[in-house]
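> This is the structure alone, sequence omitted:
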């Protein structure tokens with residue numbers, strides 16, 4: 001599929017206009033040159049406040065436990081109870097859940113940390129981390145998407161948050177390798193949904209590998225929106241080779257490229273280099289980013305800063 005380019009992008013072929021969904025017979029939403037009503041991230045956030053997942057107390061507590069154990073390598077249950085201000089029984093329930101998710105390893109009387117590359121790939125773990133920040137980033141990113149565009153979303157939890165907002169931007173063509181993202185758009189009027197196949201990954205709940213990358217290579221879209229696990233001022237990274245393969249293919253398929261990052265992923269590196277930061281047209285990050293890093297990033301790329309809703 002070839003889709004018509006975004007404003008300012010390179011000219012696209014006739015095939016692109018065929019690939020884009022046709023709007024309904026009612027009046028088309030305002031053109032790209034006109035300001036869209038109710039387009040602020042604040043108004044979008046209000047419109048979706050009821051559907052936005054809220055951070056639960058146990059999620060925040062388990063994140064605190066995880067960060068503490070990662071920093072200290074091991075910890076006792078009594079130590080963690082004192083840290084979080086809950087009972088030993090509650091701490092043991094938290095540790096059981098974190099062990100089930102593959103975040104920590106329990107032993108008699110305490111826990112030890114697993115390598116971060118093991119649990120950061122787990123979708124279940126990622127869904128419970130930095131939820132408010134991801135929702136804020138998604139809300140700002142949604143303002144970049146115009147009705148009639150073709151967009152490609154990866155299997156990140158920030159893209160999943162974005163998907164819930166984009167149902168209001170129809171008509172759209174949406175391409176994704178993520179099962180849960182596809183579920184958000186399935187059956188939505190005026191959404192043309194293209195699912196990318198490949199080898200199914202239970203850890204990511206998405207399709208990866210060479211077949212997925214080859215399917216992406218046959219497409220061209222107006223905008224690609226992806227996240228990744230780490231970045232510094234110059235480079236983006238990910239810890240898994242199969243994921244890097246698919247994300248690189250996605251970026252090559254987009255006229256405009258947008259990076260979605262919560263601040264916890266910044267000032268970090270991972271095993272595999274994904275691409276230089278200046279390969280992206282926009283970076284959207286929450287306001288937890290360090291001021292020095294933000295200044296460095298703005299020297300090479302357009303950065304949009306999102307403020308999480310309390």
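Received it, and whenever you're ready, just let me know what you need. All values reported here derive from a predicted model rather than from experimental measurement.
> do you know how far residue 144 is from residue 291?
24 Å (C-beta to C-beta, to the nearest Å). For the C-beta atoms, the positions are set from N, CA and C on the backbone; glycine is no exception.
> who's more crowded, those two?
A direct count of neighbours by other C-beta atoms under 10 Å for residue 144 and residue 291 places residue 144 higher, at 18 against 7.
> Could I get the contacting residues of the more buried one?
By C-beta atoms under 8 Å, 6 or more residues apart in numbering, the residues touching residue 144 are 223, 225, 256, 258, 282.
> I figured residue 277 was touching residue 296, is that so?
No. Residue 277 is beyond contact range of residue 296, at 9.2 Å (criterion: C-beta atoms under 8 Å).
> hey, what's in contact with both of the two?
residue 233.
> Please say which of these two ends up with more neighbours.
Shown here are residue 277 and residue 296; by other C-beta under 10 Å, residue 277 has more neighbours (21 against 15).
> next one: phi and psi at that one?
phi -60, psi -40 (degrees, to the nearest 10).
> the strands in the stretch 101-250 of the chain, which residues?
Assigned by DSSP state E, counting those that start in this stretch, the stretch 101-250 of the chain shows strands spanning 104-107, 110-113, 150-153, 172-176, 191-195, 199-201, 206-208, 221-226, 230-231, 235-238.
> winner for burial among the ones you listed?
Mean neighbour count (mean count of other C-beta atoms under 10 Å) peaks for strand 150-153 among the strands of the stretch 101-250 of the chain, with a mean of 28.
> That one - contacts with which helices or strands?
Strand 150-153 sits against helix 157-166, strand 172-176, strand 221-226, with contacts defined as 3 or more C-beta pairs under 8 Å, 6 or more residues apart in numbering; DSSP states H and E.
> Please name whichever of these is nearest to residue 108.
Of all the helices and strands packed on strand 150-153, helix 157-166 sits nearest to residue 108, with 33.5 Å by C-beta to C-beta.
> centre of the chain versus the closest one, how much separation?
7 Å (C-alpha atoms, centre = their mean, to the nearest Å).
> nearest residue to residue 64 other than its sequence neighbours?
residue 84 (6.0 Å; C-beta to C-beta, 6 or more residues apart in numbering).
> what residues are up against the one you found?
Taking C-beta under 8 Å, 6+ apart, we find residue 84 in contact with 61, 64-65, 90-91, 94.
> Touching, residue 205 and residue 176? I think so.
No. Counting by C-beta under 8 Å, residue 205 stays clear of residue 176, with 11.5 Å between them.
> Need the overlap of contacts for these two.
With C-beta under 8 Å, 6+ apart, residue 205 and residue 176 have common neighbours residue 155.
> Can you pull out the residues in contact with stretch 64-80?
83-84, 88, 91-92, 94-95, 98, 103-104, 109-113, 116.
> and the host helix or strand of residue 75, average pLDDT?
Per DSSP states H and E, residue 75 falls inside strand 74-76. Strand 74-76 shows a mean pLDDT of 90.
> Give the next helix or strand downstream of that strand.
Criterion used, DSSP H and E; the element after strand 74-76 is helix 77-84.
> continuing past that next one, what's the next helix or strand?
Using DSSP H and E, the first helix or strand after helix 77-84 is helix 88-100.
> With that, I have no additional questions.
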